[in-house]
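# Sequence first, then the predicted structure:
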Amino acid sequence: MSQAVSGLMWYIYAGFILLGLFLLFLRFILGPTSSDRVVSVDAMTTVTTALLVLFSLFFKRGIYMDVALVYAVLAFITVLAIARYFEGGL
Amino acid sequence: MWNMIFGEILILIGVIFLFLGSLGVFRMPDVYNRLQAGTKCTTLGAFSTIVGVGIIEPSWFLKSLVIAFFLLLTNPVAAHAIGRASYKMGVKLTEKSVVDQYGEEKDE
Amino acid sequence: MKNISRWLYTAIIMFILWVIFTGKLDSEELIAGVVISLVLALFTYRYFTEKGLLNLTPKKIFCGIIYFPYLIWEMIKANLDVAYRVIHPKLPIKPGIVKIKTNMKSDLGKLLVANSITLTPGTFTLDIKDDTLYIHWINVQTTDTEEASKAISGRFERCLKRFLD
Amino acid sequence: MIKKVLIILLFVLLGLSLYSVVKYNTFGEDKTVVARHYIDYGMKETGSQNIVTAVVVLYRGFDTLGEVTVLFLAATALGALLHGLRFKSKEKEPSSLIVSTAARYIFPLIILFGTYVFVHGHLTPGGGFPGGVIIASAFLLLFLAYTQKEVSEKTLSLTEGTAGILYVITGLLGLVMLNSFLANFLPKGIPGKLLSAGIIPLIYILIGFKVGAEMTGVLRNLKEEEK
């Protein structure tokens, strides 16, 4: 029974996350300045980290949590690098 | 069983906040207001989702806590860096703004 | 002497993280963890800490544990606030940049105050110069530095002061 | 306007091509003979939980040595190319206090995580290459936060050279003891323990050091400017 419930919940979670990612993607294309685009990319990486953790629950593999952590580290450094480039500190 | 229900509720709350954060990034008028929505809502959303997953599978709880803490520590720093860089680049505040003490100080 | 304390403190934190990463209490993993954290701490303690083992007094750990639920509670309030503004069809915002003063002396204190401000209702840290923080506020209530400081960062500083000093 | 439409069109095309890849290549079926052998006997023959690691280090170990060499050549070539060019860059904007303080506290944690990834190459996804890159990214964080930070070139090339030589020596030991280059001469142990899978963890640690040093060297070369 709980399996069926989690199966149903999974669709709700995925729906919300995909809708959010779609909105962020629209902002990424529309964004008038490059800063807007970086903001949307930053939000996207956070959403994606949460999505990766949800994947590890869905497939019942604890090992995938490591992937989420690697993604969080690299995403942080990427955003920081872009921001420093805009600032003129690179 | 109870931890399943509690975890699912936490994940649901988190996912809704992630969606609201994305909506905020889409709707707000300028970079700084977008950062407000994009940082706060997505950080709490991701935090809640990740801790919820940790509660459903107790053996992953500590690791999920580490990921959540890492996000809590790094997301504000990234937001600060983007905000500062945008201001240095000369991105204007929206016309609705009422005061800009940072810019005033720069001009003097 | 002080350097040894800093080194041991870094190694202890690293070892705890190592155990969490591996996720099992196997003797081989634990021995490898001790060796690796001691070696890595030797290279990185200069970055990681200034006070060393003094950070691990019971009082400080207790204050840290108290501070965390408080921050989470403030974050939930912040999010409901922002969520309300996002959903509202007219976007009721009144943004602006104000400056506030902080009393924190150490770098870590400033970092934690700035991060807490970013995560809580309608404010985020735009820049920092010495002890002046420039805050972007989504709903400006006052432009006076004193009052703004009290409204934005007063609550955290009381808590953090005890935790850090 | 037309630019935005083109961007959307590009992404739609990318999505369609990805969709066809996912649809027509079923996941985990149609294995070749070699793949089936790896999956059925890999764990028994090598003692490694992670079959990909076993393939990379043992079944195709010689290939991996070549890959590390290619990476080394690429890093050296980049250094040589940039050697003559010294860009006169304008004054660099220092990073704010928040970024530099956060970098100081996060740097050791990323280093620890990279070490965890390459030490557990035979148990979890990852291994020497990803672990090395994570370590290099920690150094990138330092370079971003402190404009003055310098890593000495001697330390980097010493680490890299030692790791490379030890890799070859491990291979030669296999040649001496079991008559084959890079043979697994250490006991296999129980799969799932840290000390298992023979020489795989040893080689992955060496690859981790080598890749980390090489990538840090690349970043350092790109950052360098006129003094």
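Done, it's in.
# Report whether the helix or strand harbouring residue D:217 contacts chain C.
Residue D:217 is part of helix D:200-223 when elements are defined by DSSP states H and E. No - contact between helix D:200-223 and chain C is absent, the nearest approach being 9.7 Å (criterion: C-beta under 8 Å from any C-beta of the partner chain). No exception for glycine: its C-beta is placed from N, CA and C like everyone else's.
# Show me which residues of that helix are buried.
D:200-201, D:203-221, D:223 (16 or more other C-beta atoms under 10 Å in any protein chain shown).
# Which secondary structure elements does the strand or helix carrying residue B:52 sit against?
Taking DSSP H and E as the criterion, residue B:52 maps to helix B:31-56. With contacts taken as 3 or more C-beta pairs under 8 Å, 6 or more residues apart in numbering or on different chains; DSSP states H and E, helix B:31-56 sits against helix A:34-58, helix B:2-27, helix B:61-89, helix C:58-87, helix C:107-119, strand C:123-129, strand C:132-137.
# Take those and lay them out in JSON lines including mean pLDDT and mean neighbour count.
Formatted as JSON lines, the helices and strands packed on helix B:31-56 follow (pLDDT from 0 to 100; neighbours: other C-beta atoms under 10 Å in any protein chain shown):
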{"stretch": "helix A:34-58", "mean pLDDT": "87", "mean neighbour count": "23"}
{"stretch": "helix B:2-27", "mean pLDDT": "85", "mean neighbour count": "21"}
{"stretch": "helix B:61-89", "mean pLDDT": "86", "mean neighbour count": "23"}
{"stretch": "helix C:58-87", "mean pLDDT": "80", "mean neighbour count": "15"}
{"stretch": "helix C:107-119", "mean pLDDT": "80", "mean neighbour count": "23"}
{"stretch": "strand C:123-129", "mean pLDDT": "80", "mean neighbour count": "22"}
{"stretch": "strand C:132-137", "mean pLDDT": "80", "mean neighbour count": "24"}
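# Show me the one of the ones you listed that comes nearest residue D:159.
Between residue D:159 and the helices and strands packed on helix B:31-56, the shortest gap by C-beta to C-beta is with helix B:61-89, which sits at 27.0 Å.
# can that closest one be found next to chain D?
Yes - using C-beta under 8 Å from any C-beta, helix B:61-89 reaches chain D at B:70, B:73-74, B:77, B:80-81, B:84, B:88.
# Show me how far that helix is from its chain's centre.
The chain centroid and the centroid of helix B:61-89 are separated by 8 Å under C-alpha atoms, centre = their mean, to the nearest Å.
# Now do that helix and strand C:123-129, the angle between them.
On the basis of axes from the mean of the first three to the mean of the last three C-alpha atoms, to 10 degrees, helix B:61-89 is oriented at 60 degrees to strand C:123-129.
# So what's the model's average confidence on the helix holding residue B:52?
Mean per-residue pLDDT for helix B:31-56: 85.
# by how many degrees do the helix or strand hosting residue D:143 and helix D:200-223 diverge?
Per DSSP H and E: residue D:143 is located in helix D:128-145. In terms of direction (the same axes, to 10 degrees), helix D:128-145 departs from helix D:200-223 by 30 degrees.
# check whether the helix or strand containing residue C:32 contacts chain B.
Mapping residue C:32 onto the secondary structure by DSSP H and E places it in helix C:27-48. No - figure legend: helix C:27-48 not in contact with chain B (C-beta under 8 Å from any C-beta); closest approach 13.5 Å.
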